[in-house]
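>>> fold the stuff below for me.
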Amino acid sequence: MQIDRELPFALLNFRKKKMFTLEYANTPVYGNAEGTNIQLNVKWEEFNKEMPFAATSYDSMPHGVALYNRAKAGDFGAIAPYVAQIVAEDQPSTTGSQTL
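Numbering: from 1, shown residues only. This is a model prediction of the structure:
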């Protein structure tokens, strides 16, 4: 698939009907073992700090798909592998009867 890297990336703010422009994206990491989700830090020009963003190839918004495709193409650096979360077995449970 050919990716047009010259297209401006923008996120539509539906409430204000304003477009947000991507300044940069970095630190891509696979968000799941299947590789269908890539976690990125993105910086929109209209905001003063980076934000987390989960990009997928099946996102309902075009900018999500575009960010996923650019990440897969290596535009934001190498994608770090997925690391499964370790859940401790002695986590408190809310099952069973409880009294206050």
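>>> what sits against residue 41?
Going by CB atoms under 8 Å, 6 or more residues apart in numbering, residue 41 touches 25, 26, 27, 50, 51, 52, 53. All C-beta atoms are positioned from the backbone trio N, CA, C, and that covers glycine.
>>> could you dump the residues you listed to a markdown table with neighbour count, distance to residue 81 and pLDDT?
Converted to a markdown table, the contacts of residue 41 look like this (neighbours: other CB atoms under 10 Å; distance: CB to CB, whole Å; pLDDT from 0 to 100):
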| residue | neighbour count | distance to residue 81 | pLDDT |
| --- | --- | --- | --- |
| 25 | 22 | 18 | 96 |
| 26 | 12 | 17 | 97 |
| 27 | 14 | 13 | 97 |
| 50 | 16 | 21 | 94 |
| 51 | 10 | 23 | 94 |
| 52 | 9 | 18 | 95 |
| 53 | 20 | 19 | 95 |
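>>> now, those residues that are in strands?
If you go by DSSP state E, these have 25, 26, 27, 51, 52, 53 in strands.
>>> using CSV, lay out the contacts of residue 41 together with distance to residue 44.
Shown next, in CSV, are the contacts of residue 41 (distance: CB to CB, whole Å):
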residue, distance to residue 44
25, 10
26, 13
27, 16
50, 9
51, 7
52, 12
53, 10
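>>> where do the helices sit along the protein?
Counting by DSSP state H, the segments of the chain that form helices are 62-72.
>>> what's near enough to touch the nearest residue to residue 59 once chain neighbours are set aside?
Spatial nearest neighbour of residue 59, excluding adjacent residues (CB to CB, 6 or more residues apart in numbering): residue 65 at 5.0 Å. Applying CB under 8 Å, 6+ apart, we find residue 65 in contact with 55, 56, 57, 58, 59.
>>> what distance do you get for the closest residue to the third one other than its chain neighbours to residue 75?
Same thing as residue 57. Once flanking residues are discounted, residue 57 sits nearest to residue 68: 5.1 Å by CB to CB, 6+ apart. Plainly put, residue 68 is 11 Å away from residue 75 if you go by CB to CB, to the nearest Å.
>>> looking at the two, which one has more neighbours?
A count of neighbours by other CB atoms under 10 Å puts residue 68 above the other of residue 68 and residue 75, at 22 against 13.
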